[in-house]
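**Q** Sharing a model prediction with you, sequence too.
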Amino acid sequence: MAEGLSSSNDIKNGGCFSSVIIQVEEERQTATAAAAATAAAAAEGAATTAAARTQQQQQQQQQQEQQHHQKQRPKQQQQQQQQQQQQQQQQQQQQQHLLRKGDSSQGLL
């Protein structure tokens, strides 16, 4: 028999057997709490990542639509394209930061 689990002496003395059960239950509760915390962090990270990707897709679509509908003189068009490129670079930097933040909370980084 495994030591400390269910020998007749343990049952007679009422000691080790019940303490092993209590210890196993405490370990189970600790593991359950840790798993729940990990799942919550992963869900939060996934939501952050999904929101950043959705925002990026919407901005790209909006910029493509603006470029498609613009029929302006070449100089104005060039200036507007430069502004859009700068905005897009800034947005991409912000989104990459959000994606990294989301990935790190999911344990991917």
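**A** Perfect, I can see it now.
**Q** pLDDT averaged over stretch 48-65, what's the number?
**A** Averaged over stretch 48-65, pLDDT sits at 81.
**Q** How many neighbouring residues does Val20 have?
**A** 15 (other CB atoms under 10 Å). The way it works is simple: take the backbone N, C-alpha and C, and place the C-beta from them, glycine included.
**Q** Over to the one 5 residues further on?
**A** Burial of Glu25 is recorded as 10 neighbouring residues (other CB under 10 Å).
**Q** now the one 5 residues further on
**A** A count of nearby residues for Thr30, using other CB under 10 Å, gives 10.
**Q** can you check Gln64 too?
**A** The tally of other residues near Gln64 (other CB under 10 Å) stands at 10.
**Q** ditto for the one 4 residues further on
**A** Neighbourhood size, His68 [other CB under 10 Å]: 8.
**Q** Same check on the one 10 residues further on?
**A** Applying the criterion other CB under 10 Å, we find 11 residues in the vicinity of Gln78.
**Q** now do the one 3 residues further on
**A** Residue crowding around Gln81 was assessed by other CB under 10 Å; the count is 13.
**Q** In space, what's closest to it - neighbours in sequence excluded?
**A** Residue nearest to Gln81 in three dimensions, not counting chain neighbours: Gln67, with 7.5 Å by CB to CB, 6 or more residues apart in numbering.
**Q** and the gap between the one you found and Gln60?
**A** Distance, Gln67 to Gln60, by CB to CB, to the nearest Å: 11 Å.
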